[in-house]
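> Sequence and predicted model, in that order:
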Amino acid sequence: MARIAGIDIPKNKRGVIALTYIFGIGRSQAKNILAKAEVDEYIKVVDWSDDQIRKIREAASELTLEGELRSRIQLDILNLQKIGCRRGIRHRAGLPLRGQRTKNNSRTRKGRRKTVANKKKVTK
């Protein structure tokens with residue numbers, strides 16, 4: 001079991017796929033890391049040597065990953081909210097940020113429907 005950036009990556013997957021289990025590494029970034037470490041991207045993690053794992057760890061250490069990246073993203077969101085820009089206001093209100101409509105959809109951001117009861121009419 002290889003441990004990179006504090007994450008145990010799955011040993012029976014190809015290198016490119018296994019590296020995507022680390023927060024902050026996608027497919028293209030995983031390919032770049034493996035190319036920099038001079039490791040074939042089609043080799044499974046089980047077949048990596050200790051020297052290859054060390055090179056991959058060194059290549060990945062140059063990036064902002066996992067907890068540091070999560071906290072940086074959270075601080076960026078708090079900064080948007082503090083300055084009161086449109087994205088910050090939408091974050092605060094729990095609404096979609098990137099121009100999506102909210103009349104019919106956006107249940108993922110807004111949560112479950114909150115039914116509002118009708119007012120009863122007064123009869124004389």
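Good, I have the coordinates.
> Skipping its backbone neighbours, what lies nearest the residue positioned nearest the centre of the chain in space?
Taking CA atoms, centre = their mean, the centroid of the chain lies closest to residue 23, which sits 5.9 Å from it. Once flanking residues are discounted, residue 23 sits nearest to residue 66: 5.1 Å by CB to CB, 6 or more residues apart in numbering. No exception for glycine: its C-beta is placed from N, CA and C like everyone else's.
> One more: residue 39?
That would be residue 52: by CB to CB, 6+ apart, it lies 4.9 Å from residue 39.
> Please parse the chain into its domains.
Using automatic domain parsing, the domain parsing of the chain gives 2-62, 67-110.
> Quick one: the strands in the protein, in order.
2-4, 7-9 (DSSP state E).
> ok, which stretches of this protein are helices?
15-19, 27-36, 50-61, 66-83, 86-93, 107-110 (DSSP state H).
> what angle sits between the longest one and helix 86-93?
Inter-element angle recorded for helix 66-83 and helix 86-93: 100 degrees (by axes from the mean of the first three to the mean of the last three CA atoms, to 10 degrees).
> And the contacts of helix 66-83?
5, 6, 7, 22, 23, 24, 64, 87, 88, 89, 91, 92 (CB atoms under 8 Å, 6 or more residues apart in numbering).
> of those, buried ones?
Using 16 or more other CB atoms under 10 Å as the burial test, the contacts of helix 66-83 include 5, 7, 22, 24, 88, 91 as buried.
> Tell me who's in contact with the fifth one.
Under the criterion of CB under 8 Å, 6+ apart, the contact partners of residue 88 comprise 77, 79, 80, 81, 82.
> How about the last one?
With contacts taken as CB under 8 Å, 6+ apart, residue 91 has the following neighbours: 77, 80, 81, 97.
> do the same with the second one
With contacts defined as CB under 8 Å, 6+ apart, the neighbours of residue 7 are 21, 22, 23, 66.
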